[in-house]
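> Give me coordinates for this.
(2 chains)
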Amino acid sequence: MGARPHVLLIEDDPDTREVLRLILEADGIDVTAAQDGLDALARLEEIHHDDPLTPCAIVLDYMMPRFSGAQFRARQLANPETADVPVILVSAVSDLESHAKAMHPFAMLQKPVDPDQFTSLVRQASIDYLSRHQARPPA
Amino acid sequence: MTGSFDDSAFRLAAIVESSDDAIVSKDLNGYIRTWNKSAERLFGYTAAEAVGRHITMIIPDDRRSEEDEVLRRIRAGLVVDHFETVRQRKDGSLVDISLTISPIRRGDEIIGASKIARDITEQRRLRQEALEANRQKDEFLATLSHELRTPLNAVLGYAAMLQRDSLDEERRRKAIDVIQRNAQILTELVGELLETSRIVSGKVRLVVDDCDLSTVVSEAVENIRPSADAKQLRLEQSIQPDVKIRGDAERLQQVMWNLFTNAIKFTPPQGVIKVTVSAEDGNARIVVKDTGVGVGADALPHIFQRFWQPEGVSRELGGLGLGLALSRNFVELHGGRIAARSEGIGKGTEFEVTLPLHAGAAISK
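Numbers count the residues shown, from 1 in each chain, chains lettered A, B, ... in the order given. Have a look, this model is predicted:
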């Protein structure tokens, strides 16, 4: 595992995906991006296969066409290999909490996100995951 | 109480007979003893047909157990108050009613029950309409929140990155483009909301002038072309020149923009959108036809309703469900008509706008 945390970012809106990626990268976090839940499942397997300590967190949009955030989360939880990677749910849905409680996310953020709060939560989730897997947390 | 027993009994009978509610009495075994005029109207049986028969004649089979419970309560001296249920008319049709049933006493003894039934079909329909309106309002607010927050996220995120000076030159330029584009999306959303609010409060005014409809449509086609190209859609036009009306060019541009964005949204890549403008029989006629997903027969009557969106589509494809409703309002303010046709799901949609060629007098200002 490298010195930087590596997260999976799943977001269907291209502008939002790009800006969230830039915000994370500017904070020293590596990003693999996916455009919907189905694309994300393939990416998740790939990067986890390459390095079992990645991704150390998943940033997940709730509402996406083709394969929603909830569908992705259900499939992720069903796979013991990646089930405990923490998920930060980011959504423009107004009553996110009532919709998303059952998905057991590490944290929920409503769009528009505050960049500092966002990166801080992604770091916390990464540290949480890496410490559970007995790796040295990122600086 | 004043007056003789006969006098008061006569008055009571007159009140019962003239009541708008169906009033029925029955004995403790459920046999009907009296049946007023409103009961005749509500259930379709005359008093002669009903008296002496068992009350179950108006109770649908799947609700027979209700009568046992009612009789149990009456025997115990209890009242059944505003119990909403369904009863069956003589012709077999069902009617929604509210029932109030009270014991009839002779001294201390309970000898039967009086039953007041009110037809609540209209009340139920209004309640259902109110619930549906409320559901649509909630759905609209959720959509509005989503549609506003998504572009805001891009605007604020990129603004924060610019403020921190953490982008190289190429990304700086891109950030400014994204901010501009998303701010434009927000401006259009707010514009749609304000237009809707003006229409609802009757404050829309047309700025009527000589208007070259052929030019309005040609300009709208050029404005929308980049979006069609981006989605690999072919935009075809057959525009008769010099089709002139009296109208508000800006509002008509808006109508065309709404019809085109709608066609682009619901037509998959490689599809075709065709617009024709012609003048015939005293009317200007604009047709926008696409090879898109089409509209089911059940949805077609609703597509011009405010806030209406096809099932499951709203949040995926964006939009507030206001564009077509606004378009209809603008066209009607011009004294024209707008109609939608579709052969069904997967078979494309055609919108036709007709506007009077000499609309000056017809336009409502």
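> Considering only helices and strands, which part of chain B has the lowest mean pLDDT?
Every helix and strand of chain B was ranked by mean pLDDT, DSSP states H and E. The lowest is helix B:314-317, at a mean of 50.
> If you could redo that for chain A, that was the one I meant.
Per mean pLDDT, DSSP H and E, helix A:96-100 ranks last in chain A, at a mean of 81.
> Can you name the element that comes right after that one?
Where DSSP states H and E defines the elements, the next helix or strand beyond helix A:96-100 is strand A:107-110.
> what about residue B:168, how many residues close to it?
8 (other Cβ atoms under 10 Å in any protein chain shown). Where C-beta positions appear, they are placed from N, C-alpha and C, glycine not excepted.
> just to revisit the earlier point, the least confident helix or strand of chain A and chain B, any residue contact?
No. Judged by Cβ under 8 Å from any Cβ of the partner chain, helix A:96-100 stays clear of chain B, getting no closer than 9.8 Å.
> Just give me how far that helix sits from the chain centre.
Mean-position distance between helix A:96-100 and its chain equals 17 Å (Cα atoms, centre = their mean, to the nearest Å).
> Residue nearest the middle of the chain, spatially speaking?
I'll assume chain A. Closest to where the C-alpha atoms of chain A average out (Cα atoms, centre = their mean) is residue A:58, at 1.5 Å.
> looking at chain B here, not the other one
Residue closest to the mean C-alpha point of chain B, counted by Cα atoms, centre = their mean, is residue B:305 at 6.1 Å.
> In the stretch 1-150 of chain B, where is pLDDT below threshold?
For the stretch 1-150 of chain B, the stretches flagged by pLDDT under 70 are B:1-7.
> what ranges do the helices span in it?
B:5-18, B:37-43, B:47-50, B:64-75, B:121-163 (DSSP state H, counting those that start in this stretch).
> Save those helices as JSON lines, and put in distance to chain A and mean neighbour count too.
Below are the helices of the stretch 1-150 of chain B laid out as JSON lines (distance: least, Cβ to the nearest Cβ, whole Å; neighbours: other Cβ atoms under 10 Å in any protein chain shown):
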{"stretch": "helix B:5-18", "distance to chain A": "51", "mean neighbour count": "11"}
{"stretch": "helix B:37-43", "distance to chain A": "43", "mean neighbour count": "19"}
{"stretch": "helix B:47-50", "distance to chain A": "51", "mean neighbour count": "15"}
{"stretch": "helix B:64-75", "distance to chain A": "36", "mean neighbour count": "14"}
{"stretch": "helix B:121-163", "distance to chain A": "4", "mean neighbour count": "16"}
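> is it possible to export the ones you listed to a markdown table including distance to residue A:94?
Below are these laid out as a markdown table (distance: least, Cβ to Cβ, whole Å):
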| stretch | distance to residue A:94 |
| --- | --- |
| helix B:5-18 | 53 |
| helix B:37-43 | 45 |
| helix B:47-50 | 55 |
| helix B:64-75 | 42 |
| helix B:121-163 | 4 |
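> List the contacts of the least confident helix or strand of chain A.
Helix A:96-100 has contacts (Cβ atoms under 8 Å, 6 or more residues apart in numbering or on different chains) with A:62, A:69-70, A:89, A:91, A:93, A:108, A:110.
> ok, 6 Å please
When contacts are defined by Cβ atoms under 6 Å, 6 or more residues apart in numbering or on different chains, helix A:96-100 is touched by residues A:89, A:93, A:108, A:110.
> For residue A:128, which of the helices of the stretch 1-150 of chain B is the nearest?
Of all these, the one in closest proximity to residue A:128, counting by Cβ to Cβ, is helix B:121-163 (24.2 Å).
> Which helix or strand lies directly C-terminal to that closest one?
helix B:169-200.
> Just give the number of residues close to residue A:34.
23.
> if we can go back for a sec, could you tell me whether the residue nearest to the centre of chain A really is in a strand?
Yes. Under DSSP: H, G, I helix; E, B strand; the rest coil, residue A:58 falls within a strand.
> thinking it is in contact with residue A:9, fair?
No. Taking Cβ atoms under 6 Å as the definition, residue A:58 is not a contact partner of residue A:9, at 8.0 Å.
> between the strand ranked longest in chain B and helix B:64-75, how many degrees?
Using DSSP state E to define each element, chain B has its longest strand at strand B:94-106. Calculated by axes from the mean of the first three to the mean of the last three Cα atoms, to 10 degrees, strand B:94-106 forms an angle of 20 degrees with helix B:64-75.
> Relative to the whole chain's centre, how far out is stretch A:63-72?
13 Å.
> neighbours of the closest residue to residue B:266 other than its chain neighbours, just the number please.
Nearest in space to residue B:266, with sequence neighbours left out and distances taken as Cβ to Cβ, 6 or more residues apart in numbering or on different chains, is residue B:292 at 4.1 Å. By other Cβ under 10 Å, the residues close to residue B:292 number 22.
> Tell me the secondary structure of residue B:292, please.
Residue B:292 ends up coil, using three-state DSSP.
> isn't it right next to residue B:267, touching?
Yes. Look at residue B:292 against residue B:267 with Cβ under 6 Å: they come within range, at 3.4 Å.
> measure residue B:306 to residue B:150 for me?
22 Å (Cβ to Cβ, to the nearest Å).
> Tell me where the stretch 201-350 of chain B has strands.
Assigned by DSSP state E, counting those that start in this stretch, the stretch 201-350 of chain B shows strands spanning B:209-212, B:234-239, B:244-247, B:272-280, B:283-290, B:337-341, B:349-356.
> Chain B contacts on chain A?
A:13, A:15-16, A:19, A:22, A:26, A:63, A:65, A:92, A:94, A:111-112, A:115 (Cβ under 6 Å from any Cβ of the partner chain).
> now the residues you listed: which count as buried?
A:13, A:15-16, A:19, A:22, A:63, A:92, A:94, A:111-112, A:115 (16 or more other Cβ atoms under 10 Å in any protein chain shown).
> what's the farthest-apart pair in these?
Checking these with Cβ to Cβ, the most distant pair is A:22 and A:94, at 25.9 Å.
> Please work out which residues outside the helix or strand encompassing residue A:129 touch it.
For residue A:129, the host element (DSSP H and E) is helix A:115-132. Helix A:115-132 is contacted by residues A:5, A:7, A:23, A:27, A:56-57, A:86, A:88, A:106-107, A:137, B:160 when judged by Cβ under 6 Å, 6+ apart.
> Buried among those residues? Need that as a selection in PyMOL.
Entered in PyMOL, the line below selects the buried ones among the contacts of helix A:115-132, by 16+ other Cβ under 10 Å:
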select buried, (chain A and resi 5+7+23+27+56+57+86+88+106+107) or (chain B and resi 160)
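> Could you report the distance from residue A:73 to chain B?
Using Cβ to the nearest Cβ, to the nearest Å, residue A:73 is found at 18 Å from chain B.
> Dihedrals phi and psi, that residue?
Backbone torsions for residue A:73, taken as degrees, to the nearest 10, come to phi -60, psi -40.
> give the contact list for it.
Neighbours of residue A:73 in contact, by Cβ under 6 Å, 6+ apart: residue A:103.
> Give me the buried stretch members for stretch A:111-121, please.
By 16+ other Cβ under 10 Å, the buried positions in stretch A:111-121 come out as A:111-113, A:115, A:118-119, A:121.
> my bad, stretch B:75-86
So stretch B:75-86, judged by 16+ other Cβ under 10 Å, has buried residues B:80, B:85.
> got a pLDDT number for the residue nearest to the centre of chain B?
At residue B:305, the model reports a pLDDT of 84.
> Skipping its backbone neighbours, what lies nearest it in space?
Leaving aside its sequence neighbours, residue B:305 sits nearest to residue B:325 (Cβ to Cβ, 6+ apart; 6.3 Å).
> How many residues are close by that neighbour?
21.
> how close does it get to residue B:308?
From residue B:325 across to residue B:308, the span is 8 Å (Cβ to Cβ).
> Kindly report the residues of chain B close to chain A.
B:142, B:145-146, B:149-150, B:152-154, B:156-158, B:160-161, B:166, B:178, B:315-316.
> Neighbours of the closest residue to residue A:21 other than its chain neighbours, how many?
Leaving out its chain neighbours, the residue that sits closest to residue A:21 by Cβ to Cβ, 6+ apart is residue A:31, at 4.8 Å. Residue A:31: 20 surrounding residues under other Cβ under 10 Å.
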